[in-house]
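Colleague: Any chance you can model this:
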Amino acid sequence: MKLGWHLGYWGATPPHDIPATLAAVEAMGYDSAWTSEAYGSDALTPLAWFGSVTTRLRLGTSIAQLSARTPTATAMAAMTLDHLSEGRFALGLGVSGPQIVEGWYGAPFPRPLARTREYVDVVRQTLAREDPVASAGPHYPLPHPGGTGLGKPLRLITHPRKPGPPILLAAEGPRNVELAAEIADGWLPILFSPTQVDDALDQLRRGWSRPGARRKPEDFEILPMVSVAIDDDVEAAADRLRPAIALYVGGMGAKSANFHFEKFCRLGYEREATRIQDLFLAGSKGEAVAAVTTAMVEEMCLVGPKEKIRDDLAAWQESPATTLLVSGDLPLLRTMAELVL
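Modeller: Predicted coordinates for the structure are as follows:
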């Protein structure tokens, strides 16, 4: 099993000591470093900087949002980063949710599965550079229908590296996971339970079995994001992670469209998730955080003393996960390297 450092997106200010931490995790044997985006720092720009101060680490977007860029713009950025990093870039894509897509990008949120399939197809066409890029749409038609009528299919000017960067999908819903297994090189689960993997494996197998599936199970990456809190007191460790889970379950999306809420329900926590969501949306965020049970935290996080985490890692190592993407400061990252690598 490999380890990746997941930096996510910035908070109110940029993170500190990034070059020193990157050098340390690269020396420790970490495989990769990953960024993401919501409506603050973007996912791509930091990776150009990371690549300039590292030599071996893979550099990936755990989610670059589809609505932030046209597929050809994403392909150009992916090609550029792949050249700058000498082949170390991995493109992780995701549809995000209607709150961000409609509220931040001012774009509609129709048929996320069909849009993802079409988007990835255009990105792959662009990076393949075999023919001028054309797409019948309906979501990303190229050339644009109507307008001046002067648009024509174009071919990427710069020659991409061969092979180009792998494309991974950040997916939560069952049909999205199937799609990832069918058209992508890997899956980036945001919420992943190492002990409840049967449903996920069924979804992946359905995708792998479709005609024209891109990968076989043995060469498909699965990179779950794993929150870690080390403390001799398990409850104190869980307390550090409850706010993030409450935010995902209660506030990361509308009541009628929250993919993270739905994930916890599928894992058997519908009663707890409903209470958290109701409290969060009512403005009682403190109570929502307190309503996150320790069992919910331990379902998909690593918490407690170092010895307990060592034991709990067995389930992750036995799961289909190929790389754990962990967040934290340098001491935590060093401890995880000792336990996993």
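Colleague: what about the helices in the stretch 151-300 of the chain?
Modeller: 174-183, 198-208, 234-246, 259-266, 270-281, 285-290, 294-300 (DSSP state H, counting those that start in this stretch).
Colleague: Out of those helices, flag the one nearest Met336.
Modeller: helix 234-246 (14.0 Å; Cβ to Cβ). Heads up, the C-betas are built off the backbone N, CA and C, glycines and all.
Colleague: helices or strands up against that closest one?
Modeller: Packed against helix 234-246 by the contact rule (3 or more Cβ pairs under 8 Å, 6 or more residues apart in numbering; DSSP states H and E) you find strand 228-230, helix 270-281, helix 285-290, helix 294-300, strand 302-304.
Colleague: most packed of these?
Modeller: Highest mean neighbour count among the helices and strands packed on helix 234-246 (mean count of other Cβ atoms under 10 Å): strand 302-304, with a mean of 24.
Colleague: Just the C-alpha atoms of the helix or strand following it, please, in CSV.
Modeller: Later in the chain than strand 302-304, the nearest helix or strand by DSSP states H and E is helix 306-318. Extracted C-alpha coordinates of helix 306-318, given in CSV (Å, rounded to 0.1, in the frame of the first residue of the first chain):
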residue,chain,number,x,y,z
LYS,A,306,-0.5,4.9,17.6
GLU,A,307,-0.8,1.2,18.6
LYS,A,308,-4.6,1.3,17.8
ILE,A,309,-4.1,2.9,14.5
ARG,A,310,-1.5,0.3,13.6
ASP,A,311,-4.1,-2.4,14.3
ASP,A,312,-6.9,-0.5,12.5
LEU,A,313,-4.7,-0.2,9.4
ALA,A,314,-5.0,-4.0,8.9
ALA,A,315,-8.5,-3.4,7.5
TRP,A,316,-7.3,-0.8,5.1
GLN,A,317,-4.5,-3.1,3.9
GLU,A,318,-6.9,-5.9,3.3
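Colleague: and helix 306-318, which residues are buried?
Modeller: Lys308, Ile309, Asp312, Leu313, Trp316 (16 or more other Cβ atoms under 10 Å).
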